[in-house]
Structures are given as structure tokens and as C-alpha cells.
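could you work out the structure for the sequence below:
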Amino acid sequence: MSDFIDSYWSIFIAAITLIGIVWCVWLLSSQRKVTVEQNADGSVADTGHVWDGDLRELNNPLPRWWAWMFLLSCVFGLIYLVLYPGLGSYPGLLGYTTDTAYTTSVIKANEELKPIYAKYMELDVQQVAADPKAREMGQRLYLNYCAQCHGSDAGGSKGFPNLTDNDWLYGGSPEMIKTAILQGRSGVMPAFSHLSKENIVDLTSYVRSLSGLSVDPAKAERGSTLFAANCVACHAVDGKGNTAIGAPNLTDKTWLYGSTEAAVTESIAKGRNGQMPAHEAILTPEKVQLISAYVWSLTNIRVDQAKK
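Numbering: from 1, shown residues only. From the prediction side, this is the model:
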């Protein structure tokens, strides 16, 4: 099947567009009438279409103003297609593209906002977070760039971390938060497909027991040996994880993908691959500073303190 990238399709689209405009002009010209046609008895001629016995469709000429507006619309369309893209791959004389227009508007907006943000670049993240106005700006930026995954309340969802529970996969310092925003994160857990179903059941029981969930003691006991052989490299001997590589703490009752037996089993058997995109090419340093301050404030500044 064609991907519609062949030059034929560009010519086809351009031809259909121009033929459509020319046909509209021809239709208007062929149907134009100057005077009202009358019958021999002096009545206005109709098309012969009659409804309900006395409702006739008259055969009057189009209003002059309507005909001229129609014609001008066709002329406008031709001028537009000469200046702007619209005829297949023809770029137009002005070379306009939506990408260029968007990029230009973003650059202009960033330059206009830079003086407003400038004072916050001279402060560290904690100082910015202590400023209520800065937090409000950071919140609005967060809602625009981050809420799609982490939620408008920053409570997250399955596979998307909760930013309000003080449980950080890579650490919750201002520097680590800023790094996550700029460079993104890639949290990969390999699938342990080499384990038998019985091994996965036992390992699941042990992992769930680390956070105090009710499990079969015998299965958990067998699972502890499997954990030591397969999981401690990332999650550590005590199961408290490793923020250097983003390995979750398995003892704190916080579960990114759920704590049910089915969810934990799926994580072990199939692995996980969590991706947070980098925003370095999207956000200016000033915006990153404000978002970092807002996210940091979610677990470090109480609302009642912030109002003082």
C-alpha cells in the first residue's frame, strides 16, 4: 500500500483542488441570470417543482451580492494557494509552515517572559519554593507539561509515580528532581522468564511480605532464597532499593504498578519498562527551575506553612 509520499499524490491533490475551484466558477457563470423570467400571464416563472399544492420553487436569478461574494471567494482561494501551502507539496511563495510559526511564537513568548522568571534563577530551588507566587507559576507550568502523566493533583497513577508521597525512585533532592525533568528517566526491570511458575509464585510471596502484606509463610520462605539470587543486585539485600539506578524500595508499602499478587507476578514474569521523556529541548531553564520548585514543595512545604 502506498504511503502517499510519491510525487503523484502531490500532483493529484493539486489538480483536484484547482479543478474544484474552476468548476465552481464555471457553475456560477453558467447559471447566472440577469432578469426575472415571467410567464405569458405575467406571473413569475418557476422550476415546475410544487409542494403542498401551492408552494412553488421560483426560477429567479441569484442576488448580485451573493454571486459576487461567491466569485470573490474563489479568487481569494486561488490567491491563498499561491501564497501558502495547499497545492500538494507546493510550499507557497511566502514559505509559511505551521512548525516555523509555532517555533517563532514560542521563542517570542519565552523572551517576553524571561524578565518575569529572571529573579528566580538567582535563587536556589528551596528559596523559589518558599515564594507563593513562584509556586503558583510552577503549578501552572506543571499542569501544562506534567499533569498528563502524574495527574493534576500530582497523585500519579499505575506506572506513573505519585509526587506527593515522599517516595522517590531516584531521590527527592532539588538537584535530582531537576535532573529528572531535564534528562528524563528510563526505569527498566528485566523479565525473569527463566524462573518456573512455582518459583515466581514463591518470589511474589516474599516480595509482598517485605511490605507487611499477608502471604503464605512457606512460599515466602522459599522466595527469600530466590530473592537473594535474583533481586538483591538492584533492590538490595534488605529490599530497600537503590536510588542510584531507580530501583524501588519494596518495603515501604508504595507500589508503582500495584501490590496485588497478580501485579507483582506480572512485574517479575514480564518485567517493566517505565519511560519519562526528557524536557531539556522543550522547557527553558527558567521553567525547569519553577517546576522543580513546585514539585519539591509538594513533599517539603506544608500548605499552612506556605500561607504564613
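
the spatially closest residue to K287 that is not a sequence neighbour: helix or strand, and which one exactly?
Here the nearest residue to K287 in space, its sequence neighbours aside, is L141; by Cβ to Cβ, 6 or more residues apart in numbering that works out to 5.4 Å. For glycine as for every other residue, the C-beta is placed from the backbone atoms N, C-alpha and C. Under the criterion DSSP states H and E, the helix or strand holding L141 is helix 132-145.

buried residues in the next helix or strand after that helix?
Per DSSP H and E, the first helix or strand lying C-terminal to helix 132-145 is helix 147-150. Going by neighbour count (16 or more other Cβ atoms under 10 Å), the buried part of helix 147-150 is H150.

so after helix 147-150, what's the next helix or strand?
Counting by DSSP H and E, the next helix or strand C-terminal to helix 147-150 is helix 174-183.

other residues contacting that following helix?
124-126, 168, 170, 243, 276, 278-280, 283, 288-289, 291-293, 295-296 (Cβ atoms under 8 Å, 6 or more residues apart in numbering).

between helix 132-145 and that helix, find me the angle.
Using axes from the mean of the first three to the mean of the last three Cα atoms, to 10 degrees, one finds that helix 174-183 and helix 132-145 are set 30 degrees apart in direction.

buried stuff in helix 174-183?
Neighbour-count burial for helix 174-183 [16+ other Cβ under 10 Å]: P174, M176, I177, K178, T179, A180, I181, L182.

and which of those is nearest to L28?
Each of these was checked against L28 using Cβ to Cβ; the closest is I181, at 57.6 Å.

for my notes, confirm I245 occurs in a helix.
No: read with DSSP: H, G, I helix; E, B strand; the rest coil, I245 is coil and lies in no helix.

who's the closest spatial neighbour of it, skipping the chain neighbours?
C234 (6.3 Å).

repeat for V237
Nearest non-adjacent residue to V237 (Cβ to Cβ, 6+ apart): A228, at 7.3 Å.

what is the burial count for the one you found?
11 (other Cβ atoms under 10 Å).

tell me the buried residues in the helix or strand harbouring it?
Using DSSP H and E, A228 sits within helix 217-230. By 16+ other Cβ under 10 Å, the buried positions in helix 217-230 come out as K219, A220, R222, G223, S224, L226, F227, N230.

hang on, P91 in a helix?
No: P91 is assigned coil when assessed by three-state DSSP, not a helix.
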